[in-house]
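> Quick check, what structure comes out for this input:
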Amino acid sequence: MNKTRATKRTSSVSLPPRQAGAQPTIGRRNFLLGVAATSASVARMAHGSPAAERKIRIGIVGGGFGTSFQFHEHPDCIVAGVTDLRPERRKRLQEVYRCENVYNSMEEMLRTNRALDAVAIFTEAPNHVPHTLEALRAGKPVLCAVPAAMTLEECEKLIEAVRTSGLTYMMAETGYWQQFTISVRQMYKEGKFGEIYAAYSMYRHPGLEELWFENGKPTWRHGFPPMHYPTHCTVHLISVTGERLKAVTCHGWGDDSPLLRGNPYNNPFWNETAEFTTDRGHSFRVEVWWAGAHLGCERAEWYGTKMSFVCDNRLGTPYTLIFTSPLQELDSGGFRRAAANVQRYDVPQWWNTGLLPPPLRHDSGHEGSHTFITHEFIASLIENRRPAIDVYEAVAYTAPGIVAHQSALRGGERLTIPDFPRPAE
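Residues are numbered from 1 along each chain as shown. Down below sits the predicted model:
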């Protein structure tokens, strides 16, 4: 099979595929057929056309998180190989994907299964770049779990490897396809926010230390720096507006817990909180917290000149839209101020629409995002186009967190985030 190459597009500000072009006000029907990265394949499925002439033969690497996707359900995909170093995980992969081609390692699968068209990598975070580079060298397009890289040097290596290979790379960031993120992205395209001048995103996961050790031995997650896992948050701004994060000051909190000692990252923090400045002069606050008295969540808030959007906070406040209005009210001191128009928002089940082929129109992991990730990767290969989260988007989501952690280690020093621009085309 010929190498699958990403389609080139021209964009002076490196906007993600969904933000490129004009910003018309469109209705829900047009949105379903036009705003998704998979628009061509969606139209084909929605009109009942036959499946693609060829099917993508994919190999799955990693029997933990890797078992939670739907490649075996996709009409244009065949799971042609599965692998994990652990026998019990190999068995689980085999059962989930009903695949008889089972391999002891990724290296063995790449070497012996010449029929593979692509590889989906769901291994440990420190192995993402090494494993991706190995798959690219073998001529296979790659879907990889988050984060994209562990260091800025790895970001550069990843971009160069994708560029020189000409192969498709996509990062499997779930936040891009959270149901509320899909809604917010569409609202922004329609101009409902006006200018988003500030945003706030939080990934709070208390109790994560339960995954730090297994059978008395540390796992790769032991002491993993919170800001090295930023993509569940950075996606909430970058995928909506297309802007880039240019500078950061970050503060970390740790308590010298014995659990943190001796971790391979020399990370002293349970929680990290970053204040980013974007290339448009906007503010973006990100919290990645592993410990403390707080509610676990992946949520965000977007503040605009005409409208704001606030996610469900798990304390009884639902998804909410806040609009400017001509009304006024009195504050507690008796002074007049503008009174906002506040409306509840019911988030659509986008997974149950024409955005996905019929077999994938069901709820899935991480707020319905897994079927979207599955479909976007397969559709990008079938249609020979750039995926929604290509290597430049992936690095734009990942690198700010790497720099933020360095800021926290330096006591909150303000640091510049290097740019990894998409080449002029």
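> Confirm for me that residue 404 is in contact with residue 226.
No: the pair residue 404 / residue 226 is not scored as a contact, 9.1 Å apart, by Cβ atoms under 8 Å. Any C-beta I mention is one placed from the backbone N, CA and C, and that applies to glycine too.
> Need the overlap of contacts for the two.
residue 272 (Cβ atoms under 8 Å, 6 or more residues apart in numbering).
> check contacts around the residue nearest the centre of the chain.
What sits nearest the mean C-alpha location of the chain, by Cα atoms, centre = their mean, is residue 173, with 2.0 Å. Residues near residue 173 by Cβ under 8 Å, 6+ apart: 146, 231-232, 235, 389, 394, 397.
> State the three-state secondary structure for residue 285.
strand (DSSP: H, G, I helix; E, B strand; the rest coil).
> list the contacts for residue 108?
By Cβ under 8 Å, 6+ apart, the neighbours of residue 108 are residue 83.
> which helix is the longest one in the protein?
Taking DSSP state H as the criterion, the chain has its longest helix at helix 391-409.
> re earlier: ok, so what distance separates the residue nearest to the centre of the chain from residue 387?
The gap separating residue 173 from residue 387 is 11 Å, by Cβ to Cβ, to the nearest Å.
> Also residue 234?
Distance from residue 234 to residue 387, by Cβ to Cβ: 17 Å.
> wouldn't residue 363 be in contact with residue 356 here?
No: with contact defined as Cβ under 8 Å, residue 363 does not reach residue 356; the gap is 11.2 Å.
> how about residue 404, what does it touch?
227, 230, 248, 250, 272, 274, 276, 286, 415.
> mind listing the helices for the stretch 301-425 of the chain?
Under the criterion DSSP state H, counting those that start in this stretch, helices of the stretch 301-425 of the chain are mapped to 365-368, 370-382, 391-409.
> May I see the ones you listed organised as a markdown table, with distance to residue 209 and mean pLDDT added?
Below are the helices of the stretch 301-425 of the chain laid out as a markdown table (distance: least, Cβ to Cβ, whole Å; pLDDT from 0 to 100):
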| stretch | distance to residue 209 | mean pLDDT |
| --- | --- | --- |
| helix 365-368 | 21 | 93 |
| helix 370-382 | 25 | 98 |
| helix 391-409 | 18 | 98 |
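> Looking at those, which is nearest to residue 134?
helix 391-409 (15.8 Å; Cβ to Cβ).
> Determine the number of other residues adjacent to residue 83.
26 (other Cβ atoms under 10 Å).
> With residue 89 as the reference, measure out to it.
Residue 83 is 9 Å from residue 89, by Cβ to Cβ.
> still on that earlier bit, ok, the contacts of residue 404 vs residue 194, which is closest?
residue 276 (20.6 Å).
> Skipping its backbone neighbours, what lies nearest residue 222 in space?
Spatially, and ignoring its direct neighbours in sequence, residue 222 is nearest to residue 212 (4.3 Å; Cβ to Cβ, 6 or more residues apart in numbering).
> Name all residues that make contact with residue 60.
66, 69, 71, 79, 81-83, 93, 97, 99, 119-120, 122.
> Could you list the paired strands of the helix or strand in which it is found along with their orientation?
Taking DSSP states H and E as the criterion, residue 60 maps to strand 56-61. Paired neighbours of strand 56-61 in the sheet (DSSP bridges): strand 77-83 (parallel), strand 118-121 (parallel).
> Using JSON lines, lay out those together with distance to residue 265 and mean pLDDT.
Shown next, in JSON lines, are the strands paired with strand 56-61 (distance: least, Cβ to Cβ, whole Å; pLDDT from 0 to 100):
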{"stretch": "strand 77-83", "distance to residue 265": "27", "mean pLDDT": "98"}
{"stretch": "strand 118-121", "distance to residue 265": "21", "mean pLDDT": "98"}
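> Next, format those as TSV and append distance to residue 376.
Below are the strands paired with strand 56-61 laid out as TSV (distance: least, Cβ to Cβ, whole Å):
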stretch	distance to residue 376
strand 77-83	12
strand 118-121	12
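> between these, which gets nearest to residue 169?
Evaluated with Cβ to Cβ, the strands paired with strand 56-61 place strand 118-121 nearest to residue 169, the distance being 10.2 Å.
> By neighbours, which of the contacts of residue 173 wins?
residue 389 (32 neighbours).
> Next one: the closest residue to residue 270 other than its chain neighbours from residue 190, what distance?
Take residue 270 and drop its neighbours on the chain: the residue closest to it by Cβ to Cβ, 6+ apart is residue 291, 3.9 Å away. Using Cβ to Cβ, residue 291 is found at 39 Å from residue 190.
> which one of those two has more residues nearby?
Ranked by neighbour count (other Cβ under 10 Å), residue 291 and residue 190 place residue 291 first, with 21 against 15.
> Is the more buried one in a helix, a strand, or coil?
Applying three-state DSSP: residue 291 is coil.
> ok, it touching residue 209?
Yes: counting by Cβ under 8 Å, residue 291 does reach residue 209; the two are 7.5 Å apart.
> residue contacts, the nearest residue to residue 80 once chain neighbours are set aside?
Once flanking residues are discounted, residue 80 sits nearest to residue 57: 3.9 Å by Cβ to Cβ, 6+ apart. Neighbour list for residue 57: 77-78, 80, 115-118 [criterion: Cβ under 8 Å, 6+ apart].
> to the chain's geometric centre, what's the distance from the helix or strand encompassing residue 240?
Assigned by DSSP H and E, residue 240 falls within helix 231-241. The chain centre lies 8 Å from the centre of helix 231-241; the measure is Cα atoms, centre = their mean, to the nearest Å.
> out of everything not next to it in sequence, what's closest to residue 243?
residue 278 (4.4 Å).
> Isn't the one you found up against residue 242?
No: using Cβ under 8 Å, residue 278 is not in contact with residue 242; the gap is 10.1 Å.
> give me the number of residues near residue 74?
25.
> again, but for the one 4 residues further on
Around residue 78 there are 16 other residues, counting by other Cβ under 10 Å.
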